Structures are given as C-alpha cells and as structure tokens.
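Undergrad: Fold the following and give me the result.
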Amino acid sequence: MTLERSMHARKDRRIEYLTILWNSLEGSVAVFARAMAGSISLVGFGVDSMIEVTSGAALLWRMSADADPLRREWREAVSLRIVGGLFIALAAYVSYEAISPLSWPLATITTHLCLTRSRSEPTI
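TA: Now for the predicted structure:
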C-alpha cells in the first residue's frame, strides 16, 4: 500500500466514524419521535439510519483489509450482501406496515356483505 493511499485511508476512517456517530444520533431521534407521533415514516427513517450505521461499520471492516487486495474484494462483496439484505428487510417492513391497515377494513366490509346477503328479509 502506498503512503498516499494510507493517508487517504486514515482520513476516510475518521470521516466514517463521524458518519456512524451522526447516523446513530439521527436514528435515535427518529425512533424517539416515532414513539411520540406513531408515524410509520419515522420508523422507516430510523431504520434507514440504522442501516446506514451498519453500512458504515461494514465499510470500516472492509477498510481494515485495505492493504490486501484479495481480502478487500472479499470483504466488499460480503458488506454489499449485508447492506442489501438490510434494505430488502426495510422494504418488506414498510410494505407490511402500509398494507396491514388496509386488511382489517377490507375483512370487515367483506364479512358485513356476506352476512347481509345470507340474512333473510327482516320481519316486523
């Protein structure tokens, strides 16, 4: 590893530590605000911040093998899979939260329609 690359890697690690700190703070505030407001958007924002923290940690892990190109490539591939899996999990959670409130009213309406069809004419 060249001296210039080593200097850049050290600077990049410091920036990444600041990014992890910032995203941790951002995610904590979003989760707290979600608890107060009950907003799915804030949950998504908070989880996204935690994914960014995990991504930053994966980047630091990858950068610790910067001197060895083979280990660097392998760690980068593993890091991409971890972060990609977390984003898929976030998309599944947000989709579930978006669809689940619709399922209860739909079930209620369907049940009501079935009951009214099966009921005979009321007698007075």
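Undergrad: Please, which helix or strand holds Leu115?
TA: Per DSSP states H and E, Leu115 falls inside helix 69-118.
Undergrad: Against which helices or strands is that helix packed?
TA: Helix 69-118 sits against helix 40-63, with contacts defined as 3 or more CB pairs under 8 Å, 6 or more residues apart in numbering; DSSP states H and E. Bear in mind the C-beta positions are built from the backbone N, C-alpha and C, glycine included.
Undergrad: Ile99 and Tyr93, how far apart?
TA: 11 Å (CB to CB, to the nearest Å).
Undergrad: between the two, which one's more packed in?
TA: Between Ile99 and Tyr93, Tyr93 has the larger neighbour count (other CB atoms under 10 Å), namely 14 against 9.
Undergrad: In contact with the more buried one: list those residues for me.
TA: The contact partners of Tyr93, by CB atoms under 8 Å, 6 or more residues apart in numbering, come to 43-44, 47.
Undergrad: can we see that at 10 Å?
TA: 40, 43-44, 47 (CB atoms under 10 Å, 6 or more residues apart in numbering).
Undergrad: check contacts around Leu21.
TA: Contacts for Leu21 (CB under 10 Å, 6+ apart) come out as 53, 56.
Undergrad: repeat for Leu3
TA: For Leu3, no contacting residues are found, by CB under 10 Å, 6+ apart.
Undergrad: if I look at it, how far off is Arg75?
TA: Using CB to CB, one gets 22 Å for the distance from Leu3 to Arg75.
Undergrad: hmm, back to that, any of the contacts of Tyr93 buried? List them.
TA: Burial by neighbour count, judged by 16 or more other CB atoms under 10 Å, picks out 43-44, 47 from the contacts of Tyr93.
Undergrad: with these in mind, which one is nearest to Val83?
TA: For the buried ones among the contacts of Tyr93, the minimum distance to Val83 (CB to CB) is 12.9 Å, reached by Val47.
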